[in-house]
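Colleague: Quick one: sequence plus predicted model below, questions after.
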Amino acid sequence: MNIQTMKSTMKAVVVDTSRPERLVLKDVPRPEPKPGEMLVKVKAISLNRGETRMALREMADGWRPGWDAAGWVEKAAADGSGPPAGTQVVCMSGMFGWAEYIAVAEPAAAIVPDAVSLEDAACLPVAALTARRAVQLGAPLKGRKVLVSGASGGVGTFALQLARLADAKVVAAIRSEAHAPLVRRLGADEVALGDDLAGAAGLGPYDLVLESVGGQSLAAALGTLAPGATCVLLGASAGSQTTFDAARFRVGGTRLYGLVMGYEFRREPPCVGLAELLALMAEGKLRPEIALCAEMGEIAEVAARLMDRAFVGKAVLTF
């Protein structure tokens, strides 16, 4: 391989349906940034269930996943926007992030302070931005009660911390009692066990519910709301269909809010939330719960473990 070819290609995670593991590292063309984009050399990425599920179960040959990435600016944007070369950044890449290089515009990236590692920063874009926006939807939260379902997951672990920082009274709903010490350490005042929020009902009513399970769990969540409260729907891992008691939901001013970050970014670009979250991390007020850190060549094994719920918190892979 000549020098010119080496410069024009890179390693990236690609879907290969001919392989049982589906996710493989392949040589692909290195991105050519537009005038308003910086070229980022990626050091660390983190996995999210949404993109991982798509890659392992839905997408065709050649599809490239990846939303969360952190690294260094290899080449500054030609139009002068964004930070200079050598700056550490974390990026909400939109896709194609599990690669050695990505092209990113300034609104989708934030500068990583020296006090924050790139591995920690890589956990922020999807999970922490989602948790931040969900918690904002219940503001002000001082002295009010918040229920976080799926509290030991990527979004849940950040939501617990952010709700606690907002001086809320936090209840964590988890499937396994083994995860109780973790969620208490991250900010839960009380812990509810079970798959359908039955254990959480007696600890309510709630001023804000972050619901990520769907199915019967969503139905139960809608019945735990206090007057004027909000249930934020983050996902539906247990099922997209549910039947709920409208009389219990209709207690005055309650609402169900469907949270989709692509829609929320029309209101505020990722860089704003990322900068705020990074500042909290630099101050020691927020931390990712990293369950494992591995090399990028182990992507298939780590992705399978994530979908099997073999660990709680985030998985980080590095180049």
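Modeller: In hand now; what should we look at? Numbers count the residues shown, from 1 in each chain.
Colleague: rest of the way, CA atoms for contacts and neighbours
Modeller: Will do.
Colleague: What segments of the stretch 1-150 of the chain are helices?
Modeller: 3-8, 49-57, 118-121, 129-136 (DSSP state H, counting those that start in this stretch).
Colleague: lowest-confidence stretch among those helices?
Modeller: Lowest mean pLDDT within those: helix 3-8, a mean of 55.
Colleague: how much space between the spatially most central residue of the chain and residue 48?
Modeller: By CA atoms, centre = their mean, the chain has its centre lying nearest to residue 127, at 1.7 Å. Distance, residue 127 to residue 48, by CA to CA, to the nearest Å: 8 Å.
Colleague: do residue 290 as well
Modeller: Taking CA to CA, one finds residue 290 at 12 Å from residue 48.
Colleague: Now the common contact residues for the two.
Modeller: Taking CA atoms under 8 Å, 6 or more residues apart in numbering as the contact rule, residue 290 and residue 48 both touch residue 314.
Colleague: More neighbours: these two, which one.
Modeller: Using other CA atoms under 10 Å as the criterion, residue 290 and residue 48 rank with residue 48 on top: 22 against 17.
Colleague: Hmm, that one is touching residue 124, no?
Modeller: No. Taking contacts as CA atoms under 8 Å, residue 48 lies outside contact range of residue 124: 10.7 Å.
Colleague: what's around residue 144, how many residues?
Modeller: Per other CA under 10 Å, the neighbour tally for residue 144 reads 17.
Colleague: got the contact list for it?
Modeller: 167-169, 206-207.
Colleague: follow-up on the earlier one: identify the contacts common to residue 127 and residue 48.
Modeller: residue 154.
Colleague: Confirm that residue 299 sits in a strand.
Modeller: No. Under DSSP: H, G, I helix; E, B strand; the rest coil, residue 299 sits outside any strand and is assigned helix.
Colleague: Give me the average confidence score over the one helix or strand residue 257 maps to.
Modeller: Following DSSP states H and E, one finds residue 257 within strand 255-258. Here strand 255-258 scores 96 as its mean pLDDT.
Colleague: For it, which outside residues touch it?
Modeller: Contacts for strand 255-258 (CA under 8 Å, 6+ apart): 222, 228-234.
Colleague: Would you indicate which residues of stretch 102-114 are buried?
Modeller: Buried residues in stretch 102-114, counting neighbours by 16 or more other CA atoms under 10 Å, are found at 102-113.
Colleague: Equivalent analysis for stretch 257-264, please.
Modeller: Neighbour counts over stretch 257-264 (16+ other CA under 10 Å) mark 259, 261 as buried.
Colleague: Any regions of the stretch 101-250 of the chain where pLDDT drops low?
Modeller: For the stretch 101-250 of the chain, residues meeting the criterion pLDDT under 70 lie at 237-240.
Colleague: and the chain, what are its domains?
Modeller: Structural domains assigned to the chain are 3-124+281-318, 138-258, following automatic domain parsing.
Colleague: Just put those domains in CSV and tack on distance to residue 275.
Modeller: Output for the domains of the chain, formatted as CSV (distance: least, CA to CA, whole Å):
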stretch, distance to residue 275
domain 3-124+281-318, 6
domain 138-258, 15
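Colleague: Residue 268: which of those is closest?
Modeller: domain 3-124+281-318 (9.2 Å; CA to CA).
Colleague: Lovely, talk soon.
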